[in-house]
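>>> build me a model from this:
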Amino acid sequence: MVTERPPWWIDELAHAGAEHLDEEYVEGYERKSGYDGHADADVLVSLGLDETSTVVDLAAGPGQFSRAVAPRCGRVVAVEVSPAMVTVLRRRIAAQGLTNVEVVSGGYLSYEHTGGAADFVFSRNALHQVPDFWKGVALARIHAMLRPGGVLRLHDLVFDFDPADAPDRIAAWIAGAVDDPARGWTAAELEEHVRLEYSTYSWLFEPMLERVGFEILDAAYVRGAYGAYTCRRI
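You can find the predicted model right below:
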């Protein structure tokens, strides 16, 4: 059943980023991101994931994590708002012969979980696409779909510094950009991210996680711009 949304509800697709709706960009996204989901799957296994577990992969993209974790659990729900990403995701899941992965068109603010409560929710580098108000709503919805004691594993672009330090820290972050857009994010792309997207501060995001009912088991930051969180639903 689809829940009717109030007229003030956000349009997730409009905030997905134009590049993620572009079929050519999406085809090369897995190479560009350079991400392999096996390390995160290992983290979940260390926290109790097994062949009976249900995992929801929110903002699944082309499915690097879904494809890595599927052989190690019972059910994976791969949720993705971009139609172009969904097409690639379905094709790559089928090519790998994974029969326990369900692909669902939706996002943080529209996906309606069915079946038993999720044991684990995973998401990587997508929550920054909405303002902080909606991050809070999204995190509360994630909390609701997890069983008590369930685990959220989340990566995002989160700034771990004070506002007064922003000019120097952002400049240092952008200085580490790549030149080839097929193999990572260029300086121009990172500059656009800072201007137009909604990365928040670590000292705002961590209390947000706790406010909606998560215990932060681990929080780690790389280069002051990338946060990785492991949280348990209280």
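
>>> excluding chain neighbours, what is closest to residue 104?
Leaving aside its sequence neighbours, residue 104 sits nearest to residue 79 (C-beta to C-beta, 6 or more residues apart in numbering; 4.9 Å). C-betas here are computed from N, CA, C, even on glycine.

>>> pLDDT wise, what is that neighbour at?
Residue 79 is assigned a pLDDT of 98 by the prediction.

>>> could you pull out the helices in this protein for me?
23-27, 29-33, 38-46, 64-69, 83-95, 132-145, 166-175, 187-196, 202-211 (DSSP state H).

>>> just list what the fifth one packs against, helices and strands only.
Of the remaining helices and strands, those touching helix 83-95 by 3 or more C-beta pairs under 8 Å, 6 or more residues apart in numbering; DSSP states H and E are helix 23-27, helix 64-69, strand 75-80, strand 101-105.

>>> quick one: which of the ones you listed is nearest residue 126?
When these are compared by C-beta to C-beta, strand 75-80 sits nearest residue 126, at 9.3 Å.

>>> what about residue 168, how many residues nearby?
The tally of other residues near residue 168 (other C-beta atoms under 10 Å) stands at 11.

>>> equivalent analysis for residue 101, please.
Residue 101: 24 surrounding residues under other C-beta under 10 Å.

>>> again, but for residue 56
Residues near residue 56, counting by other C-beta under 10 Å, number 27.

>>> do residue 92 as well
18.

>>> and the gap between the residue lying farthest from the centre of the chain and residue 196?
For the chain, the residue at maximal distance from the C-alpha centroid (C-alpha atoms, centre = their mean) is residue 164, at 28.0 Å. Shown here: residue 164 relative to residue 196, a distance of 23 Å by C-beta to C-beta, to the nearest Å.
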